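**Q** only the shape, not the letters, is given here:
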């Protein structure tokens, strides 16, 4: 079967940087299938990249290799790592980018990427996506064992991600992502609402009060704000047929509360 | 041969939504080849999606599966359908999105997508691209017969698309699309001009008068407006080396007339 | 092995134009692997396309076909060409777009694309990407010899690209590209600095003086400007963690000097 490699970067698509990485990948493994997650992570925003990566990896078949590069420390002493989970392998800088996704899937091994014989030479100090990460992911896709990339290590850099505060009658969270539609994704997952009356509670955002978590965007009239459990598995605030971030003047970091009415 | 699935959505590429759909597709059919048509359909603009889909499907090999999702009614009672034409299969919401393309190619069968055993569970109320449409398209790519998705049905939701008015000495149409170059694509197709002197007529748009339908953009001097038969097979108004929509202050819906001089 | 075709255009991704080209390519060669370099070359900017193409082709495996379309003269008398280098084939308009890349790799043969039996008919006057270039690249991917596209020719249109002036104690160049991160890529390559003290010289841009060519972006404090040898192999001016083009008010064409302090 064709090995699968996903790509997530902050490289944008106006340069050839992503295409160059794919050229290196296919040079290392001609049978490879590459799937773009996104290349529009805001420049050098490790947290945004980490959250988007975590939101996506659950659907891919066993054996998928996830290659992610949001790497403000390229060329400095930051490590590069390859992380195995039960069903996938992750490759990227050791700056927290991979942490939420691999913890979500369950880490089984962490290796420091140190085997320079796998790299593309000369290794630049500015584009490890091309010279380090793509060659290593390509080698893994071609069948190299994880041991080949470098020694096993016990640790990787974790990432502080905002967690909601859950009490008996309310959940205090915040917006962690604004998507293409302007929907405001929060860190309040459905589990934190389950088994309680909180699901029917009042959702509050920047003075706007929404009446409970509804089943879908169309549960309210067009132009009305609505809270739903969105595709991230979390409370998401949308405007039916509209753009919530613009209409409500809200964005990442804004507080969201769900409380019993 | 590798099954081909095309994707057209209004999801944008700043989130991982498209990548997630591809993960589901390749999970259902490892040999699949996925080709993006575009993901930049304006949010929830079914007509824009339908016209772009129709403009693209003609070039694909027999057996291609076209998966399209512009779905403001996701999670509501709107149906999902799979439509067979002589050479292709279409999968998407039953909201008119598929109608112009499948009518253009000739419908041979319509099936309601109801076989939940094909879906990804739990089925969300907000992301049927991931949970319904991609799994179904992937199953079809893997060889499932169209009957497997659900019962045959006689109908699908049609879409009112603006048609030109053709008389002996003039054609009255309108702009239906503005492309990346700023070219103004109209609904006046070349057939409506053929066999008459209308081809040499005056093309009028917002008070601008253009001298006949020319053969190519370079038929006029740089910076001049020109009407040509564009790649949609329709009259298209461009600025040679420029951006007609900006320069002429025109957009979708503006009237365009071709009349004998 | 699956033939590889790369694509570079100024078509953007908001229309289905790129997807249509891929449909034609896969119709001509079902085993094809298509890799996007970028479709965000500024409209009709042949120089920008040529420089980006040149920056990318070095990493692809032998036998790769590079299909590039930035084609303001589509439909006019400009020729179409296929150019062989030692390890790759290039297909595109004969307007200089291919010139820097093929000269960089070493030209072994140039053929005029004239064999209309390979084209998609009717051939439009506005979209040779679909009707001429993709069918020809697809035929080459499927194994057609270069002779099949048309007669060998001795020439192709060259492109004037800005070259730096190198003297004993200074190099005078300019910005040739602004990338997604706002980094200012110059035409001063590392070879022009090697073997001299110029590498430790002062880099000047619009009145800003930077202290030598550093090893990486992180060699300076966040928010500080830094000159490095970037991924194009040239001097590149960046703001560590920031956007140099915006912060320094600089862009393509601005003079950059490296001089001994």
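**A** Cool, got the structure. All values derive from a computational prediction rather than experimental measurement. Numbers count the residues shown, from 1 in each chain, chains lettered A, B, ... in the order given.

**Q** just checking, residue A:56 touches residue B:21?
**A** No - taking contacts as C-beta atoms under 8 Å, residue A:56 lies outside contact range of residue B:21: 10.3 Å. C-beta here means a position set from N, CA and C on the backbone, and glycine is covered the same way.

**Q** neighbour count winner among these two?
**A** Remark: of residue A:56 and residue B:21, residue B:21 carries more neighbours, 29 against 24, as counted by other C-beta atoms under 10 Å in any protein chain shown.

**Q** now stretch A:19-31: buried residues?
**A** For stretch A:19-31, burial by neighbour count (16 or more other C-beta atoms under 10 Å in any protein chain shown) applies to A:19-30.

**Q** among those, which lie within strands?
**A** Per DSSP state E, strands hold no members of the buried residues of stretch A:19-31.

**Q** of those, closest to residue A:202?
**A** residue A:21 (46.4 Å; C-beta to C-beta).

**Q** residue contacts, that closest one?
**A** A:7, A:9, A:67, A:69, A:129-130, A:133-134 (C-beta atoms under 8 Å, 6 or more residues apart in numbering or on different chains).

**Q** ok, for it, nearest residue in space, not its chain neighbours?
**A** residue A:134 (4.5 Å; C-beta to C-beta, 6 or more residues apart in numbering or on different chains).

**Q** tell me the secondary structure for the spatially closest residue to residue A:183 that is not a sequence neighbour?
**A** Computed as C-beta to C-beta, 6+ apart, the closest residue to residue A:183 that is not its neighbour in sequence is residue A:238, at 4.5 Å. Following DSSP: H, G, I helix; E, B strand; the rest coil, residue A:238 is assigned to strand.

**Q** pull the number of nearby residues for residue A:238.
**A** Neighbours of residue A:238 (other C-beta under 10 Å): 28.

**Q** how about residue A:72?
**A** Neighbours of residue A:72 (other C-beta under 10 Å): 18.

**Q** you'd agree it is up against residue A:49?
**A** No - with contact defined as C-beta under 8 Å, residue A:72 does not reach residue A:49; the gap is 10.7 Å.

**Q** chain C contacts on chain A?
**A** Contacts of chain A with chain C, taken as C-beta under 8 Å from any C-beta of the partner chain, map to A:11-20, A:22-24, A:26-27, A:30-31, A:34, A:43-44, A:72-76, A:120, A:124-127, A:130.

**Q** what residue in the stretch 101-250 of chain A comes nearest to chain B?
**A** residue A:216 (2.7 Å; C-beta to the nearest C-beta).

**Q** check contacts around the nearest residue to that residue once chain neighbours are set aside.
**A** With C-beta to C-beta, 6+ apart as the criterion, residue A:216 has its nearest non-adjacent residue at 2.7 Å, and that residue is residue B:75. When contacts are counted by C-beta under 8 Å, 6+ apart, residue B:75 touches A:215-219, B:124-126, B:128.

**Q** now swap in residue A:182 and tell me
**A** A:238-239, A:242-247.

**Q** mind showing which ranges of the stretch 151-261 of chain A have poor pLDDT?
**A** A:195-199, A:260-261 (pLDDT under 70).

**Q** could I get the full set of strands for it?
**A** Counting by DSSP state E, counting those that start in this stretch, the segments of the stretch 151-261 of chain A that form strands are A:165-166, A:170-178, A:184-189, A:202-205, A:208-211, A:213-214, A:225-229, A:234-239, A:255-259.

**Q** and those, which is most packed in?
**A** The highest mean neighbour count among those, using mean count of other C-beta atoms under 10 Å in any protein chain shown, belongs to strand A:234-239: a mean of 26.

**Q** please name every helix or strand in contact with that strand.
**A** Where contact means 3 or more C-beta pairs under 8 Å, 6 or more residues apart in numbering or on different chains; DSSP states H and E, strand A:234-239 is packed against strand A:170-178, strand A:184-189, strand A:202-205, strand A:225-229, helix A:244-248, strand A:255-259.

**Q** which neighbours does that strand have in its sheet, and in what orientation?
**A** strand A:184-189 (antiparallel), strand A:225-229 (antiparallel) (DSSP bridges).
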